[in-house]
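Participant: Fold the following, please.
(2 chains)
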Amino acid sequence: MPSPADTAYMASDPPGMPWLGMALEHKLYPLAGRAAPWFAAAAALLCALALYIGFFRLPHEIVLGEHYRILLIHLPASWMALFIYCAMAAAAGVGLFGPHRLSAMVASALAPTGGVFAFLALWTGSLWGKPSWGVWWVWDAQLTCALLLLALFLAVVMLQTALDDARRADRAAAVLILSGLIALPVVYASVMRWSSAPHGTLLVPSLGPGTLDTLLGGMLVMGAGLIAYTVAAALTRLQTVILERERRSEWAVRLAGE
Amino acid sequence: MAWTNWGDFWAMGGYGLYVWAAYLLALVIVVSEIAVLILSRRSILDHLGLTAHKRRKRAGEVGDDSPG
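Facilitator: Numbering: from 1, shown residues only, chains lettered A, B, ... in the order given. All right, here's what the predicted structure looks like:
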């Protein structure tokens, strides 16, 4: 038996568009379950290939030092953090106009994986920066934005767990995600103005063309692997989120039994 | 390219600590995320399964209590 708050929330879906409401989650649940293992398998294969390229195909590097192999995980992880944030913001944006319950579920399915990659980008970047620049951390535009991304992902996860009222949590998360989308380029541009720390410029001219091609190829394979991993993780988490939110309705119990 | 021996591979030209710290934490954090995903999935499925089971059981008990 749904509580009054749940009933009110269910009833808040746009009238006249029932396919945007519960039906969509109902259809998505088995689809996500079928697709996730394929994405997980693709992720395992692509990441293994990328690691093979990184450790056994990339030539020894005298100028940069062998720690340049860290870049093979560092750059794809940074791309993924930004990419996942954009996907989350797109879901939150769609939620303003249409199926806001499903949008919120997608956002909360993506946020923890985004946090994982933002943290990995910072951690691996620090481990590359210390031997390369001599410092663990500089306040340049990209590092500051990566830190802001991590804080935003954590805030979204904490909002969803801290607020009992799902509707309020969803709204707060959507507002936070969309204001973060505005804050990120503003922070990037303003730090860019007064910081002189060169981020990528140090790297490219000192690499031979063959090395650069292998490095870029490896990073693209790793990027594809991380995208597949993110899709698999988000689909699995989406199923869990759907069941948790719909645990009082009969169809969720039925779906879980299948 | 080739590593002449495994010692060279693990040493990473003197940068082994940085390289392996980066990749080890990446592995640990991804494995932990997968573990959390599996555990939370199992916990909600258990919860729902238990609920359904209890419902059936309750229905069965009601049937037993009925006069007959």
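Participant: how much space between the nearest residue to residue A:42 once chain neighbours are set aside and residue B:14?
Facilitator: If the residues on either side of it in the chain are set aside, residue A:42 comes closest to residue A:228, at 4.2 Å by Cβ to Cβ, 6 or more residues apart in numbering or on different chains. (Glycine included, C-beta is placed from N, CA and C.) Distance of residue A:228 to residue B:14, given as Cβ to Cβ, to the nearest Å: 34 Å.
Participant: ok, the two, which is more surrounded?
Facilitator: Neighbour count, other Cβ atoms under 10 Å in any protein chain shown: between residue A:228 and residue B:14, residue A:228 has more, with 20 against 11.
Participant: Please identify the helix or strand for residue 25.
Facilitator: You didn't say which chain, so I picked chain A. Here residue A:25 sits within helix A:22-52, counting by DSSP states H and E.
Participant: I was thinking of chain B, sorry if that wasn't clear
Facilitator: Following DSSP H and E, one finds residue B:25 within helix B:16-65.
Participant: And residue A:243, by the same measure?
Facilitator: Applying DSSP H and E, one finds residue A:243 within helix A:209-245.
Participant: can you check residue A:90 too?
Facilitator: Counting by DSSP H and E, residue A:90 is part of helix A:71-97.
Participant: What is that helix packed up against?
Facilitator: Where contact means 3 or more Cβ pairs under 8 Å, 6 or more residues apart in numbering or on different chains; DSSP states H and E, helix A:71-97 is packed against helix A:22-52, helix A:100-133, helix A:141-162, helix A:166-194, helix A:209-245, helix B:16-65.
Participant: pLDDT value on residue 42, please?
Facilitator: Assuming you mean chain A. Per-residue pLDDT puts residue A:42 at 97.
Participant: that's the other chain; I wanted chain B
Facilitator: With respect to pLDDT, residue B:42 scores 90.
Participant: buried set for the helix holding residue A:243?
Facilitator: Buried residues in helix A:209-245, defined by neighbour count with 16 or more other Cβ atoms under 10 Å in any protein chain shown: A:211, A:214-215, A:218-219, A:221-245.
Participant: Stretch A:145-165 too?
Facilitator: Judged by neighbour count using 16+ other Cβ under 10 Å, the buried positions of stretch A:145-165 are A:145-150, A:152-157, A:159-160.
Participant: Need the max-distance pair from the residues you listed.
Facilitator: Comparing all pairs in those by Cβ to Cβ, the longest separation belongs to A:145 and A:160, at 22.9 Å.
Participant: can you list the residues of the stretch 1-150 of chain A near chain B?
Facilitator: When proximity is defined by Cβ under 8 Å from any Cβ of the partner chain, the stretch 1-150 of chain A lies next to chain B at A:51, A:55-60, A:65-67, A:69-70, A:73-74, A:77, A:112-113, A:116, A:119-120, A:123-124, A:127-128, A:130-131.
Participant: just for the chain, where's the confidence low?
Facilitator: If you meant another chain, say so; for now it's chain A. A:1-23, A:194-206, A:258 (pLDDT under 70).
Participant: not what I meant, chain B
Facilitator: B:1, B:50-68.
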